[in-house]
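S.K.: Curious how this folds, go ahead:
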Amino acid sequence: MNTVLKKTLEQLVERPGQGSVLEQLDKLVRKQQRTELYEMLEQIDKKEMGKNPVVLEKSIPQIGKKKPALLRFSLQKWRRYDEVFWRALGDYIILALHRVKDVEYDGSRGKIKVQYFAKAKGRVKSPENIRAIIQGIAFLVDTEALPTDFTHFRRMAERRGSVGEMSKEQAAIIGAILKFI
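M.R.: All right, here's what the predicted structure looks like:
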């Protein structure tokens, strides 16, 4: 553990990053968690994972760096699962895909929608790769190999419609209105 912490702190000092020191540490730790998650996904028995089908229903490709890709999946085995499991699935999708703009789910219908910006390099290349990743994550959450206590997805849901999600123009308008009140 000490070597991991030392390596993380060295990376923090050696290269520039966005955000506060704590946010930069969070990013480095999440990168290590992402690596561990992919190792877990590679160790899954494909026959067992096949019992948890994930169907890609719709795929709209990314338009440059202007509009994220949109993927819709159906997890029929997950129909009517509790919100805790859906949120955990969303958390791990955010961790695995890295540049996720939004994740929405409908537990009663067993569907999930993912908006993300693909990276030029890395493991995630096609919608079929993402389907396989989501299928593996759903299997790991369902078998309780992954804990269901992440909070990143919950924070995204809480930010929706708040000041943290507003554009600069919207925040300036609200600031001007509050100044006159």
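S.K.: C-alpha from now on. contacts and neighbour counts both.
M.R.: Noted.
S.K.: I'd like the distance between the residue nearest to Arg80 when sequence neighbours are not counted and Arg79.
M.R.: The shortest distance from Arg80 to any non-neighbouring residue, by Cα to Cα, 6 or more residues apart in numbering, is to Ser108 (4.7 Å). Computed with Cα to Cα, to the nearest Å, the distance linking Ser108 and Arg79 is 5 Å.
S.K.: helix, strand or coil for the residue nearest to Arg80?
M.R.: The three-state label for Ser108, taken from DSSP: H, G, I helix; E, B strand; the rest coil, comes out as coil.
S.K.: wait, what's in contact with it?
M.R.: 79-81 (Cα atoms under 8 Å, 6 or more residues apart in numbering).
S.K.: Switch those over to TSV, and while doing so, append pLDDT, distance to Leu95 and secondary structure to every line.
M.R.: Formatted as TSV, the contacts of Ser108 follow (pLDDT from 0 to 100; distance: Cα to Cα, whole Å; DSSP: H, G, I helix; E, B strand; the rest coil):
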residue	pLDDT	distance to Leu95	secondary structure
Arg79	92	23	coil
Arg80	87	24	coil
Tyr81	90	21	coil
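S.K.: hmm, which of these are the buried ones?
M.R.: Neighbour counting with 16 or more other Cα atoms under 10 Å marks none of the contacts of Ser108 as buried.
S.K.: Show me this protein divided up by domain.
M.R.: 1-43, 46-150 (automatic domain parsing).
S.K.: Single out the most deeply packed of those.
M.R.: Highest mean neighbour count of the domains of the chain: domain 46-150, a mean of 17 (counted as mean count of other Cα atoms under 10 Å).
S.K.: so what's the residue nearest to the spatial centre of the chain closest to, chain neighbours aside?
M.R.: The centre of the chain sits closest to Ile94, judged by Cα atoms, centre = their mean, with a distance of 0.7 Å. Once flanking residues are discounted, Ile94 sits nearest to Val100: 5.7 Å by Cα to Cα, 6+ apart.
S.K.: Hmm, Leu70 is touching Leu56, no?
M.R.: No. Using Cα atoms under 8 Å as the test, Leu70 is too far from Leu56 to be in contact (10.9 Å).
S.K.: so what's Lys125 scoring on pLDDT?
M.R.: At Lys125, the pLDDT value in this model is 72.
S.K.: what separates it from Lys111, distance-wise?
M.R.: Distance from Lys125 to Lys111, by Cα to Cα: 22 Å.
S.K.: Check the secondary structure at Trp112 for me.
M.R.: Rather than Trp, residue 112 is Ile. Going by three-state DSSP: Ile112 is strand.
S.K.: check contacts around it.
M.R.: Residues near Ile112 by Cα under 8 Å, 6+ apart: 72-75, 103-106.
S.K.: same thing but 10 Å
M.R.: 56-57, 71-75, 86, 89-90, 103-106 (Cα atoms under 10 Å, 6 or more residues apart in numbering).
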